[in-house]
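1. Pasting the sequence and the predicted model now:
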Amino acid sequence: MKHGVNGVALGVFVFFFLAVTVLGFMAARWRKAENEHTLDEWGLGGRSFGTWVTWFLLGGDLYTAYTFVAVPAAVYAAGAAGFFAVPYTILVYPLVFTFLPRLWSVSHKHGYVTTSDFVRGRFGSKGLSLAVAVTGILATMPYIALQLVGIQAVLDVMGVGGESSNWFVKDLPLLIAFAVLAAYTYSSGLRAPALIAFVKDGLIYLVIAVAIIYIPIKLGGFDAIFSAAQHKFAGPPGGKPTGAIAPGEASQWTYATLALGSALALFMYPHSVTATLSSRSRNVIRRNTTILPLYSLMLGLLALLGFMAIAAGVKVTNGQLAIPQLFEDMFPDWFAGVAFAAIGIGALVPAAIMSIAAANLFTRNIYKDFIKPDATPKQEAQVSKFVSLLVKVGALAFVLTMDKTVAINFQLLGGIWILQTFPALVGGLFTRWFHRWALLAGWAVGMAYGTLAAYGVASPTQKHFGGSSKEIPGIGEIGYIGLTTFVLNVVVTVVLTFILRAVKAPDGIDETSPADYTADAGDPGVATELPATAGAVH
């Protein structure tokens, strides 16, 4: 392990950071519209992105700095269990191929900016829309915080700030990165991360390609790497294993339910939907769901870095530092700087999209619905810009004032929460049979049960929120809490829908029609600019 500030790596890191900062501000003039003061323009890039821009934007959105750090860190700590992210990103794309084009079409038709806009329009329920919006904001906040954790991990390994006893000096680099992110997001909206995503993904692919060839050569090949990992996970003689190269029978339920539950949840996150709705046609979405699995190949190679860190003898007290430390130890200083830049920029892109998505939810589904119903498109854009700053400030405060494991635990809890919006969103895209009150009740039961179940999970270092897996009631196997909660949510929703329809409980007004779900850009009646009353219940 090297000590002190790595000046060469820091210089390369700063170069790339400055380059993407310039790109972020230049993005304000990229495809600039005549009227930029609308959520369509600031929050969705004018709904104008084609296949490649959308591909890079979605990739930059879904494969974050935390992915770069946490997936191999999980493999470093426990072995094969960390590979669950690979099958879940394989499962997710056939799944979203069935519903994302429908969501794009109905949203383009009615000018919907958020998932809550659609839920309100489909079920005629501001209460259900509010529940979806609040869930999205709550689930997104710790996710943004974890992007800042990724930047902080890189800065610590480079020796910048982390060793100082003065809190201001220690956190100054992160504060600067936050200020720059906030400034160009406020100025350029979604166009900034869309443009920067090209640099981010290019760097990540370059680093992975070099790492997967260069590091094994230095370590004596993959035989030596897997042997070192096997030796570590076997544990001390007579002791318990600390992990496994392949998952054992006892962990298969956990592995499978975590992969499936994560696949169901991924495109429920507001930032995933924001990137999707920025596309210019439904065919762009369909094409992207067929080529995005290329990122899953990258993710599989990325996970192998965890085994390489073991073979390289990386020793860290915080597992999140394992991969940055591996790069520091194995690469020449200049290329370590490139790798650190890939992680740092990999945090800026999703953090920007997430803050925009959370701000759009607040503006459209809290501010406009409940505070100022007559807000103009320009006022909506101004409020969303301001709220995006507040969201980032909240995430920064979270990182600076709380233990990092708290942020990780809340992100795990966020995955459980966001999955509870699946019946309303995906169910609503295919059927109007679910009753709005039943969906709201199912959501409430799922949120309560999932939170309490996660609260009761302990780990060696924590009494509460120590993980996201627990015994599945009625089965007796350990499984992902989010999937158990989702099943409970669906059961409650279906049973109550039967009851409410039997007693003829009042249904909301559906402002959509069957043709809306297959409409494309340019079709008659499809919105090309967000109307001031878009999404209102008639």
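-> It's in.

2. Pop out the phi and psi values for the closest residue to residue 412 other than its chain neighbours.
-> Closest residue to residue 412 apart from its sequence neighbours, by C-beta to C-beta, 6 or more residues apart in numbering: residue 468 at 4.3 Å. Just so you know, the C-beta spots here come from the backbone N, C-alpha and C atoms, and that holds for glycine as well. Torsion angles at residue 468 (phi, psi; degrees, to the nearest 10) stand at phi -120, psi 20.

3. Quick check, residue 468 in contact with residue 257.
-> No: Residue 468 lies out of contact with residue 257 (C-beta atoms under 8 Å); the separation is 9.9 Å.

4. and residue 300, what does it touch?
-> Counting by C-beta atoms under 8 Å, 6 or more residues apart in numbering, residue 300 makes contact with 83, 86.

5. okay, residue 319: pLDDT?
-> Residue 319 is assigned 77 on the pLDDT scale.

6. Quick check: which element contains the nearest residue to it once chain neighbours are set aside?
-> Excluding the flanking residues, the one nearest residue 319 by C-beta to C-beta, 6+ apart is residue 73, at 4.3 Å. Taking DSSP states H and E as the criterion, residue 73 maps to helix 65-78.

7. buried set for the helix or strand following that helix?
-> The helix or strand immediately downstream of helix 65-78 is helix 85-110, counting by DSSP H and E. The neighbour-count check on helix 85-110 (16 or more other C-beta atoms under 10 Å) flags 85-93, 95-96, 99-110 as buried.

8. Roughly how far does the residue nearest to residue 412 sit from residue 265?
-> For residue 468, the distance to residue 265 equals 11 Å [C-beta to C-beta, to the nearest Å].

9. Next up, the contacts around residue 228.
-> By C-beta under 8 Å, 6+ apart, the residues touching residue 228 are 307, 310, 311.

10. what's the closest of those residues to residue 365?
-> The closest of the contacts of residue 228 to residue 365 turns out to be residue 307 (C-beta to C-beta; 44.2 Å).

11. so what's the closest one up against?
-> 75, 76, 225, 226, 228, 229.

12. Drop anything exposed from these.
-> Among those, those buried by neighbour count (16+ other C-beta under 10 Å) are 75, 76, 225, 228, 229.

13. overlap in contacts of residue 468 and residue 265?
-> Counting by C-beta under 8 Å, 6+ apart, the shared contacts of residue 468 and residue 265 are 415, 482.

14. Can you verify residue 470 is assigned to a helix?
-> No: per DSSP: H, G, I helix; E, B strand; the rest coil, residue 470 lies outside any helix segment and is strand.

15. Which strand residues bridge it?
-> Taking DSSP bridges as the rule, residue 470 bridges to residue 479.

16. ok, it - contacts?
-> For residue 470, the contacting residues are 453, 454, 456, 457, 478, 479, 481, 484, by C-beta under 8 Å, 6+ apart.

17. how would you label the fourth one: helix, strand or coil?
-> In three-state terms, and counting by three-state DSSP, residue 457 is coil.

18. any idea how far residue 240 is from it?
-> Distance, residue 457 to residue 240, by C-beta to C-beta: 20 Å.

19. export the contacts of residue 470 to TSV and tack on distance to residue 337 and neighbour count?
-> Formatted as TSV, the contacts of residue 470 follow (distance: C-beta to C-beta, whole Å; neighbours: other C-beta atoms under 10 Å):
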residue	distance to residue 337	neighbour count
453	43	20
454	38	25
456	44	13
457	39	18
478	42	17
479	42	23
481	40	30
484	44	24
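
20. Check the residues you listed and tell me the two furthest apart.
-> Based on C-beta to C-beta, the longest span within these runs between 456 and 479 and measures 14.6 Å.

21. which residues touch residue 380?
-> With contact set as C-beta under 8 Å, 6+ apart, residue 380 has these partners: 38, 39, 363, 364, 367, 368.

22. With secondary structure and neighbour count added, can I get these in CSV?
-> What follows is those, written out as CSV (DSSP: H, G, I helix; E, B strand; the rest coil; neighbours: other C-beta atoms under 10 Å):
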residue, secondary structure, neighbour count
38, coil, 23
39, helix, 27
363, helix, 29
364, helix, 27
367, helix, 19
368, helix, 23
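
23. List just the nearest of the residues you listed to residue 516.
-> For the contacts of residue 380, the nearest to residue 516 is residue 364 (18.4 Å; C-beta to C-beta).

24. Distance check, the closest one against residue 511.
-> Where residue 511 is concerned, residue 364 sits at a distance of 15 Å (C-beta to C-beta).

25. repeat for residue 487
-> Distance, residue 487 to residue 511, using C-beta to C-beta: 30 Å.

26. Those two: who's more crowded?
-> Neighbour count, other C-beta atoms under 10 Å: between residue 487 and residue 511, residue 511 has more, with 17 against 14.

27. where does the more buried one land on pLDDT?
-> pLDDT for residue 511: 95.

28. how many neighbours does the nearest residue to it once chain neighbours are set aside have?
-> Closest residue in space to residue 511, ignoring its immediate chain neighbours: residue 121 at 4.6 Å, by C-beta to C-beta, 6+ apart. Around residue 121 there are 28 other residues, counting by other C-beta under 10 Å.

29. quick one, helices of the stretch 101-250 of the chain?
-> Assigned by DSSP state H, counting those that start in this stretch, the stretch 101-250 of the chain shows helices spanning 115-123, 126-157, 167-188, 191-219, 222-234.

30. Identify whichever of those lies nearest to residue 437.
-> Residue 437 sits nearest to helix 126-157 of all those, at 8.4 Å, using C-beta to C-beta.

31. Name the residues of that closest one that come out as buried.
-> Buried residues in helix 126-157 (16+ other C-beta under 10 Å): 126, 128-157.

32. Make sure the residue nearest to residue 319 is actually in contact with residue 322.
-> Yes: using C-beta under 8 Å, residue 73 makes contact with residue 322 at a distance of 5.2 Å.

33. In contact with the residue nearest the centre of the chain, which residues?
-> The residue lying closest to the centre of the chain (C-alpha atoms, centre = their mean) is residue 62, at 5.2 Å. Listed by C-beta under 8 Å, 6+ apart, the contact partners of residue 62 are 89, 266, 272, 292, 295, 350.

34. Sort out for me which of these are in strands.
-> Using DSSP state E, no member of the contacts of residue 62 falls in strands.

35. Which one of those sits in the busiest neighbourhood?
-> Greatest neighbour count in the contacts of residue 62, by other C-beta under 10 Å, goes to residue 350: 28 neighbours.

36. What separation is there between the nearest residue to residue 360 once chain neighbours are set aside and residue 190?
-> Distance criterion C-beta to C-beta, 6+ apart; nearest residue to residue 360, sequence neighbours excluded, is residue 43 at 4.7 Å. For residue 43, the distance to residue 190 equals 6 Å [C-beta to C-beta].

37. just residue 334 next, same as before
-> For residue 334, the distance to residue 190 - C-beta to C-beta - is 33 Å.

38. and these two? which has more neighbours close in?
-> Legend: neighbour count by other C-beta under 10 Å for residue 334 and residue 190, higher for residue 190 (28 against 11).

39. Apart from its neighbours in sequence, what residue is nearest the more buried one?
-> Sequence neighbours aside, residue 45 is the residue nearest to residue 190 in space, at 4.2 Å (criterion: C-beta to C-beta, 6+ apart).

40. From residue 262, how far off is residue 246?
-> Between residue 246 and residue 262 the computed distance is 20 Å (C-beta to C-beta).

41. what about the stretch 51-200 of the chain, any weak spots by pLDDT?
-> For the stretch 51-200 of the chain, the stretches with pLDDT under 70 are 161-170.
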